[in-house]
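K.L.:
please find the sequence and the predicted model below.
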Amino acid sequence: MTHDVRIELRHIADDDWGGIAALEAEVYTPLGLSEGRAALESRARASPSTCFVLDCAGGTAGYLLALPYPPFESPDLARAEEHVPAADPGSTHAPVPPAPPSDNLHLHDLVVAEDFRGRGLARRLLRHLTTTARSQTYEQISLVAVAGSETFWSAQGYRAHREIPLPGSYGTDAVYMSAAVPEGRRG
């Protein structure tokens, strides 16, 4: 029974990508929102310290991907994050500079496997991200609510910004949302 299994929250490792990609496809393909493994990995490469997996005995119970992104903008699901370092001597491409530093951390994806839902794991991932964001001095966390998830995010303190246009790849009911990173406890 899955309720008796220990679940470890940790940073994503290379061996996790098969399980993450399978879980992402299972959840998002029926909605027409699946990005594929290469795009997911590109987002995690942009900020490995803000991307996490829920590991359950070597299997993937869930994951969260977050990366710095300018406020009121969001990654296009149809494209991977691109960055060709200027120091790459083998590249024939012109260097693409990294995005300018941002005080906004964009929560790109949070998924919990169906067998593990209803156990507070999404909130656990979100609390961990919020703590991480605070420790890294982010001021805001943004996201795009898809597939009717706006109610969940509103209950977590996120505010809808319906005036913000989104790439069509998110679907017609997508809503940009954000919340301030709460200040930590002072000792």
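P.N.:
Received, thanks.
K.L.:
show me what the longest helix along the chain is packed up against.
P.N.:
Of all the segments of type helix in the chain, defined by DSSP state H, the longest one is helix 121-135. Applying 3 or more Cβ pairs under 8 Å, 6 or more residues apart in numbering; DSSP states H and E, we find helix 121-135 packed against strand 7-11, strand 52-56, strand 59-68, strand 104-112, strand 140-145. Any C-beta I mention is one placed from the backbone N, CA and C, and that applies to glycine too.
K.L.:
low-confidence ranges in the chain?
P.N.:
For the chain, the stretches with pLDDT under 70 are 1-4, 83-101, 185-187.
K.L.:
coming back round to it: C-alpha coordinates for the longest helix of the chain, PDB please?
P.N.:
The C-alpha coordinates for helix 121-135 follow below in PDB (Å, rounded to 0.1, in the frame of the first residue of the first chain):
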ATOM      1  CA  LEU A 121       2.400  16.100  -1.200                       C
ATOM      2  CA  ALA A 122       1.600  19.000  -3.500                       C
ATOM      3  CA  ARG A 123       1.500  21.300  -0.500                       C
ATOM      4  CA  ARG A 124       4.700  19.700   0.800                       C
ATOM      5  CA  LEU A 125       6.400  20.500  -2.500                       C
ATOM      6  CA  LEU A 126       5.100  24.000  -2.500                       C
ATOM      7  CA  ARG A 127       6.200  24.600   1.100                       C
ATOM      8  CA  HIS A 128       9.700  23.400   0.200                       C
ATOM      9  CA  LEU A 129       9.800  25.600  -2.900                       C
ATOM     10  CA  THR A 130       8.700  28.600  -0.800                       C
ATOM     11  CA  THR A 131      11.400  28.000   1.800                       C
ATOM     12  CA  THR A 132      14.000  27.600  -1.000                       C
ATOM     13  CA  ALA A 133      12.700  30.800  -2.800                       C
ATOM     14  CA  ARG A 134      13.000  32.700   0.500                       C
ATOM     15  CA  SER A 135      16.600  31.400   1.200                       C
END
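K.L.:
any idea how far that helix is from the middle of the chain?
P.N.:
Taking the mean of its C-alpha atoms, helix 121-135 sits 11 Å from the chain's own mean (Cα atoms, centre = their mean, to the nearest Å).
K.L.:
that older thread, ok, which of the helices and strands packed on helix 121-135 comes nearest residue 184?
P.N.:
Nearest to residue 184 among the helices and strands packed on helix 121-135 is strand 140-145 (14.4 Å), distances taken as Cβ to Cβ.
K.L.:
buried residues, that closest one. List them.
P.N.:
For strand 140-145, the buried set under the neighbour-count rule, 16 or more other Cβ atoms under 10 Å, comprises 141-145.
K.L.:
next: stretch 163-174.
P.N.:
Quick answer for stretch 163-174 (16+ other Cβ under 10 Å): 164, 166, 169-170, 174.
K.L.:
do the same with stretch 172-182
P.N.:
Neighbour-count burial for stretch 172-182, counted by 16+ other Cβ under 10 Å, picks out 174-179, 181.
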